[in-house]
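> sequence plus predicted model, see below.
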Amino acid sequence: MNSIDELIKRIITFRDDRDWKQFHNPKDLALSLSLEASEVVEHFQWKSKKEAEEYIKTYKNLIGEELADVLYWVLLMSHDMGINILDTLDKKIDTNVEKYPIEKFKGIHTKYNKLK
């Protein structure tokens, strides 16, 4: 298993060996991330919960590859922008713990600013 730092190094090496950094501005990285996320969504479009559960059994590897593509772009973007994504995620979880206290939100899907 690779650490995040090892994965980022592999991503950067892959990109730089191909001289692709010249194409990687924030807008195009964000577009690539969005496109890959859409490919994850495409696996579930028009499927009921039961159909999706059955689909996952057959296509788990393909879904995993799409999720890996999403992670690739997240790691590349965060690297290029100087964002420590693990620290940022940790802080975001802390923020969400405050926004969504268990006693108010357990079992409720309402957004924090819509709860009465």
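Everything's here; your move. Numbers count the residues shown, from 1 in each chain.
> what's the single longest helix in this protein?
Assignment by DSSP state H gives helix 49-80 as the longest helix of the chain.
> next one: that helix to chain centre, how far?
Here helix 49-80 shows a centroid-to-chain-centroid distance of 9 Å under the convention C-alpha atoms, centre = their mean, to the nearest Å.
> what's near enough to touch Leu29?
73, 76-77, 80 (C-beta atoms under 8 Å, 6 or more residues apart in numbering). C-beta here means a position set from N, CA and C on the backbone, and glycine is covered the same way.
> from those residues, which would you call buried?
Neighbour counting by 16 or more other C-beta atoms under 10 Å classes 73, 76-77 among those as buried.
> how about JSON lines for the residues you listed, with distance to Glu66 and pLDDT added?
Below are the buried ones among the contacts of Leu29 laid out as JSON lines (distance: C-beta to C-beta, whole Å; pLDDT from 0 to 100):
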{"residue": "Trp73", "distance to Glu66": "11", "pLDDT": "98"}
{"residue": "Leu76", "distance to Glu66": "16", "pLDDT": "98"}
{"residue": "Met77", "distance to Glu66": "17", "pLDDT": "98"}
